[in-house]
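# Could you look at this predicted model? Sequence included:
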Amino acid sequence: MPEGHTLHRLAVQIDAAFVGAPWRVSSPQGRFAAGAQLLDAQTPRRAEAWGKHLFVHLDPQTWHVHLGLYGAFTFRGVPGFATAASIGAPRSRTAALEPEYQEDGWLLPEPPRGAVRARIQAQHGWADLRGPVTCAVLEPPEYQAVIQRLGPDPLRQPAETIDPQAREAFLENLSRRRISIAAALMDQAVIAGVGNIYRAESLFEERLAPDTPSNQISQERAEALWGRITEQLRTGVTEGVIRTLRGKSARRHWIYKHQGTECLRCGETIAARELAGRRLFWCPGCQLD
DNA sequence: CATCGATGTTTAA
DNA sequence: TAAACCTCGATGC
């Protein structure tokens, strides 16, 4: 589930579990050996999410992680060390840990299983990172370069409010592009944190046709879309999964992966097609403009 | 046991 | 536009 909500949950959890005390960093798989050596024994100062990017700030460097399609962190430790056992792409649940401490007072970690790019360890637990598309140590100018390419992230607005500046930046980005709204929402320079599921579900709830040119959407509709995405992402952070559909069924989404079935709002058959290498889902019956 | 597919991005053609 | 990256649960035989 690595859309924006996942990374914000991850930042919160890493902050709670690792920030403020020296950590141990290794790369059991070996592909991050040099970076791990730079981070090892440092004290992480702050974890931050921006869109689908995770940054853990040390001094003066920054650990940069992007989970991509199938990256994930798994957490293990004493009870209370971490709330979620795994954050990122789906991972099987593991059995409860039998805590055992080493002579130095640190929890004895289990041997890494599979391809663990990075293991970060605190005194009472650890986390393993598998399958990220990005795992790198950045110097301050490199960090600046990464965030300069990112558009506004709805989850960086103050809690329960809309930041007019961020929303305005989104509107400005839409108006300056001659691409469809479906393409624009996937462009992390337009809005950071939206992926294929939030794209489908937000356009559906706003009744926006995916092929509408982004620069032809009225200010009112664009502001409503920003508000809708904000609400959906915040629900994702709270629940840990993307849920746009409320109700008694286990079904979470209005249209994502429900092509060929009846739209729950208008009864028309939900459609799907390929757009820029990703599946696009929409309802031709009620997403009309 | 083999193959497929996925919430994503970068690079090459 | 296509392929590569890289992991693993789900699916199929």
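Cool, the structure landed.

# Burial check on the closest residue in space to A:Gln61 that isn't next to it in sequence, number of neighbours?
Leaving aside its chain neighbours, A:Gln61 sits nearest to A:Val137 (5.3 Å; criterion: Cβ to Cβ, 6 or more residues apart in numbering). (Glycine included, C-beta is placed from N, CA and C.) By other Cβ atoms under 10 Å, 19 other residues sit near A:Val137.

# likewise A:Gly267?
10.

# can you check A:Ile197 too?
A:Ile197, neighbours per other Cβ under 10 Å, totals 21.

# Also A:Phe73?
26.

# Also A:Pro79?
Burial measure for A:Pro79: 10 neighbouring residues, criterion other Cβ under 10 Å.

# Flag every residue of the stretch 101-250 of chain A that's near DNA strand C.
By the rule Cβ under 7 Å from any atom of the strand, the part of the stretch 101-250 of chain A lying against DNA strand C is A:114-115, A:117, A:130-131, A:133.

# Give the residue spans of the stretch 51-200 of chain A that score low on pLDDT.
For the stretch 51-200 of chain A, residues meeting the criterion pLDDT under 70 lie at A:93-94.

# In the stretch 151-289 of chain A, what residue spans correspond to strands?
All strands of the stretch 151-289 of chain A, identified by DSSP state E, counting those that start in this stretch, fall at A:271-275, A:278-282.

# want to throw the residues of the stretch 101-250 of chain A next to DNA strand C into JSON lines with distance to DNA strand B?
Output for those, formatted as JSON lines (distance: Cβ to the nearest atom of the strand, whole Å):
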{"residue": "A:Gly114", "distance to DNA strand B": "14"}
{"residue": "A:Ala115", "distance to DNA strand B": "13"}
{"residue": "A:Arg117", "distance to DNA strand B": "14"}
{"residue": "A:Arg130", "distance to DNA strand B": "12"}
{"residue": "A:Gly131", "distance to DNA strand B": "8"}
{"residue": "A:Val133", "distance to DNA strand B": "4"}
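
# okay, these in TSV with secondary structure and neighbour count next?
Putting those into TSV (DSSP: H, G, I helix; E, B strand; the rest coil; neighbours: other Cβ atoms under 10 Å) gives the following:
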residue	secondary structure	neighbour count
A:Gly114	coil	11
A:Ala115	coil	13
A:Arg117	coil	21
A:Arg130	strand	22
A:Gly131	coil	18
A:Val133	coil	13
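
# From the rest of the structure, what touches stretch A:79-91?
The contact list for stretch A:79-91 (Cβ atoms under 8 Å, 6 or more residues apart in numbering) reads A:1-2, A:6, A:9-10, A:13, A:16-17, A:67, A:69-76, A:93-94, A:122, A:124-125, A:127, A:130-131, A:240.

# Could you list which of those residues belong to strands?
Among those, the members falling in strands (DSSP state E) are A:72-76, A:122, A:125, A:127, A:130.

# before we move on, back to that, narrow the contacts of stretch A:79-91 to those that are buried.
Taking 16 or more other Cβ atoms under 10 Å as the criterion, what is buried in the contacts of stretch A:79-91 is A:1-2, A:6, A:9-10, A:13, A:17, A:67, A:71-76, A:122, A:124-125, A:127, A:130-131.

# Show me which residues of chain A sit near DNA strand B.
Residues of chain A lying near DNA strand B by Cβ under 7 Å from any atom of the strand: A:1-3, A:6, A:51-52, A:66, A:68-70, A:89-90, A:133, A:186, A:188, A:194-197, A:242, A:257, A:277-279.
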